[in-house]
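Asks: What follows is a predicted structure for the sequence shown.
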Amino acid sequence: MRELLVESCQEEDEEGAGHRFDYFVVVDQMEVSGGFACESYGVRIAGPDGGESICVPNITTSASRIDELMELLTRNFVTPTTLRDVINDWL
């Protein structure tokens, strides 16, 4: 498995506290029938210095679809806490 950093985003919450997250595309292989494997894409969101982090692998085998998802995640400043819910709605 390898990761590609897509973007780092920083926002302030209602109380003025700053939050920063790094957004990664996770590239892995997914087993399919007959012993074959194909390249699959997932995402990881991580806080600074190894803080809060979540990885959801094997979301899609389409590079264009994972690009669409990453744009959605970064544009809306999705956090590790809400990532799974956003992906479930997106799928």
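Replies: Structure's in. What do you need?
Asks: How about the residue in the protein that sits furthest from its center?
Replies: The centre of the chain is farthest from one residue, Gly34, which by Cα atoms, centre = their mean lies 28.8 Å away.
Asks: mind listing what that one touches?
Replies: Applying Cβ atoms under 8 Å, 6 or more residues apart in numbering to Gly34 gives no contacts. Where you see a C-beta, it was placed from the backbone N, CA and C, and this is true even at glycine.
Asks: Which of the three states applies to it?
Replies: helix (DSSP: H, G, I helix; E, B strand; the rest coil).
Asks: From here on, call the first residue 11.
Replies: From this message on, residue numbering opens at 11, which makes the last subject Gly44.
Asks: Next, work out how far apart it and Thr71 are.
Replies: 16 Å (Cβ to Cβ, to the nearest Å).
Asks: Tell me the spacing between Cys48 and Met40.
Replies: Counting by Cβ to Cβ, the gap from Cys48 to Met40 is 6 Å.
Asks: quick one: common contacting residues for those two?
Replies: Thr71.
Asks: can you give me the helices in the protein?
Replies: Using DSSP state H, the helices of the chain run over 73-85, 93-100.
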